[in-house]
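Undergrad: Based on what follows, work out the 3D shape:
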Amino acid sequence: MSRIQVKQLALAHSESGLHCAESVASAITQLFCPEQTEIACRMATGFGGGLAGSRQEACGALTGGVLAIGLLCGRTTPEQGRETAYRISAAYRERFIARFDASICQTLRDSFSTDDTRTACRSLTAEAAGMLYDILQEHGYLLKTA
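TA: Residues are numbered from 1 along each chain as shown. Below you'll find the model as predicted:
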């Protein structure tokens, strides 16, 4: 699967009615750990729209991606290292901010050059999924099939 296909998958999730966090988390886990796709989507539900629709916190496309990173390389005990998850999450955050100039939902929405925020958010969501796909590939994560 290519970056373009990942973006199309995240966009399709968004157009189906999933919000930003659910769309990124679902698209990424569907490709890298498909057995976790349903749980990732469920875990991401509260993060849409800058945390429960408040628009005051981090964009759901960013937080949904961090949730997916946790499923791929997070720890399950205190004795396990968290460095990999931190390193990949930091890279995703940095690239996200470099591309969109912000990470807060409302700040991003205010920067859109259109009043059609639904379409703009969907485009941002697709791009964020593509960025995370690139980062995971750069860190050696391989696509899996269910």
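Undergrad: Identify the residues contacting the helix of greatest length in the chain?
TA: What stands out as the longest helix in the chain, according to DSSP state H, is helix 117-138. Outside helix 117-138, the residues within contact range by C-beta atoms under 8 Å, 6 or more residues apart in numbering are 3-4, 6-11, 14-15, 20, 23-24, 27-28, 31-32, 59-62, 65, 68-69, 72, 88, 91-92, 95-96, 99-100, 108-109, 112-114. From N, CA and C alone the C-beta is placed, and that goes for glycine too.
Undergrad: Show me the shaky parts of this protein.
TA: 145-146 (pLDDT under 70).
Undergrad: now the helices for it?
TA: Under DSSP H, the chain gives helices at 3-15, 20-32, 37-44, 60-73, 83-100, 105-111, 117-138.
Undergrad: what's the most buried one of those helices?
TA: The highest mean neighbour count among the helices of the chain, using mean count of other C-beta atoms under 10 Å, belongs to helix 20-32: a mean of 29.
Undergrad: elements contacting that one?
TA: Using 3 or more C-beta pairs under 8 Å, 6 or more residues apart in numbering; DSSP states H and E as the contact criterion, the elements in contact with helix 20-32 are helix 3-15, helix 37-44, helix 60-73, helix 117-138.
Undergrad: Which residue lies nearest the spatial centre of the chain?
TA: residue 65 (2.7 Å; C-alpha atoms, centre = their mean).
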